[in-house]
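Q: structure of the sequence below:
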Amino acid sequence: MGLLDSLKKAFAGNPRVDLSTRFERLKEAVAGTMSKFYKARDLTTGKVVGLKLLDSKKLDPIEARYRGLGKPTEGEIGLQINGENIVKTLEWGVARDGTKFVVQEYIEGPGLQTIVGRRTDLDAAARIDLVRQAAKALAAVHAAGFVHRDVCPRNFLLEPGGRLVLIDFGLTVPDRPAFMQPGNRVGTPSYMAPEVVRRRQADHRLDVFSFGVSAYEILTYEMPWPRGGSKHAAMRSTEPADIREYWPEIPEPLAKMVMSCLSTDPDERPASMENVLAVLEGLKEKVA
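A: A predicted model of the protein is given here:
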């Protein structure tokens, strides 16, 4: 693909936008590692939306790893992933000052990280339902042909009505070997799969591992290994603490599923999130 074709693809249907006249920024909701996120009003429709402004200085070095591979932008990826537990991407583009942006539905509610961190008093059924919804979100990502690469409570919001929503696709890539080469060590350290930490070839099962860490934390408010940065990631060569130590009454199928997701060997993890969901759906009538 030549330069002209690349530019046409990048800007087709997305003329440069004057963000200052298009959106009224109501408040800065989240400052991410590679973006700023605002609650905003779209002055063309009057609707409240989420406006995500990407930081090119931080994003470009990561995107450069995939130069020549035809990687979709974050906005393009968001438009392709749909599901009840997926934030809806409305549009994407480039502002007149060169800032890349993504417009999403605005989700009102606390982050799952806050709920877990505060050890919110939730019964077993409620915690299992959060895990089930997180699994549905990740299954939708995989069904669309992508690997999320940063599954952790920080990237989920919980609406007042109880819907859990996966909100960020900043590190998401197509589920193809070329995008999963050794050395692409990205994500949140406490949730990284061993193959990512060790800079080995990976696939969608790295998400299964990160989901397992997140599920363990949601269900027990504890981590399977000491929490921390990359130096603690080496702990993943050891066996994680059995989830039954923190929740002795956990349903056995759930315990086995979570612990299998945490296997160091990707071949010993569930092969797909659909397999994980099958276990979770089977618990609906057993846990009230």
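Q: which residues of the chain fall in strands?
A: 23-31, 35-42, 48-54, 89-94, 100-105, 146-147, 156-158, 164-166, 173-174 (DSSP state E).
Q: now those strands as a markdown table including mean pLDDT?
A: Output for the strands of the chain, formatted as a markdown table (pLDDT from 0 to 100):
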| stretch | mean pLDDT |
| --- | --- |
| strand 23-31 | 81 |
| strand 35-42 | 94 |
| strand 48-54 | 96 |
| strand 89-94 | 96 |
| strand 100-105 | 96 |
| strand 146-147 | 98 |
| strand 156-158 | 97 |
| strand 164-166 | 98 |
| strand 173-174 | 96 |
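Q: run through the residues that contact the residue nearest to Q104 when sequence neighbours are not counted.
A: Once flanking residues are discounted, Q104 sits nearest to G50: 4.2 Å by C-beta to C-beta, 6 or more residues apart in numbering. Every residue, glycine included, has its C-beta placed from N, CA and C. The contact partners of G50, by C-beta atoms under 8 Å, 6 or more residues apart in numbering, come to 29, 37-40, 87, 103-107.
Q: select only the buried ones of those in ChimeraX?
A: Of those, the buried ones can be selected in ChimeraX as follows, counting by 16 or more other C-beta atoms under 10 Å:
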select :29,37,38,39,40,87,103,104,106,107
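Q: from the contacts of G50, which single one is nearest R200?
A: V87 (30.6 Å; C-beta to C-beta).
Q: what's near enough to touch the nearest residue to the closest one once chain neighbours are set aside?
A: The shortest distance from V87 to any non-neighbouring residue, by C-beta to C-beta, 6+ apart, is to I167 (4.6 Å). Each residue near I167 by C-beta under 8 Å, 6+ apart is listed here: 87, 104, 107, 155-157.
Q: roughly how far does I167 sit from G68?
A: I167 is 29 Å from G68, where distance means C-beta to C-beta, to the nearest Å.
Q: quick check: domain ranges of this structure?
A: 11-105, 112-281 (automatic domain parsing).
Q: can you give the distance from the shortest one to the centre of its chain?
A: Here the centre of mass of C-alpha atoms in domain 11-105, compared against the chain's by C-alpha atoms, centre = their mean, to the nearest Å, lies 16 Å away.
Q: could we number from 3 for the rest of this?
A: I'll keep to 3 as the first residue from here, and by that count the last item is domain 13-107.
Q: quick one: mean pLDDT for stretch 64-73?
A: For stretch 64-73, mean pLDDT rounds to 89.
Q: do me a favour and get the end-to-end distance for it?
A: End-to-end distance for stretch 64-73: 11 Å, by C-alpha to C-alpha, to the nearest Å.
Q: can you pull the buried residues of that stretch?
A: Result for stretch 64-73 [16+ other C-beta under 10 Å]: buried residues 68, 73.
Q: list the contacts of it.
A: With C-beta under 8 Å, 6+ apart as the criterion, stretch 64-73 contacts 3, 36, 173, 175-176, 180-181, 186, 188.
Q: mind checking which of those are buried?
A: 36, 173, 175-176, 181, 186.
Q: now, which of those sits nearest E78?
A: Nearest to E78 among the buried ones among the contacts of stretch 64-73, with distances taken as C-beta to C-beta, is P176, at 10.6 Å.
Q: partner residues bridging the closest one?
A: F148 (DSSP bridges).
Q: repeat that for Y40.
A: Beta bridges link Y40 to E30, L53 when assigned by DSSP bridges.
Q: please give me every residue in contact with it.
A: 25, 27-31, 52-55.
Q: out of these, which are buried?
A: Among these, those classed as buried by 16+ other C-beta under 10 Å are 25, 31, 52-55.
Q: farthest pair within these?
A: Farthest pair in the buried ones among the contacts of Y40 (C-beta to C-beta) is F25 and A31. Separation: 13.3 Å.
Q: where's R129 relative to W249, distance?
A: 9 Å.
Q: what do these two both touch?
A: L221.
Q: returning to that earlier point: tell me which of the domains of the chain sits most buried.
A: domain 114-283 (a mean of 18; mean count of other C-beta atoms under 10 Å).
Q: okay, helices next: where are they in the stretch 3-152 of the chain?
A: 5-13, 21-24, 58-65, 76-82, 114-119, 126-145 (DSSP state H, counting those that start in this stretch).
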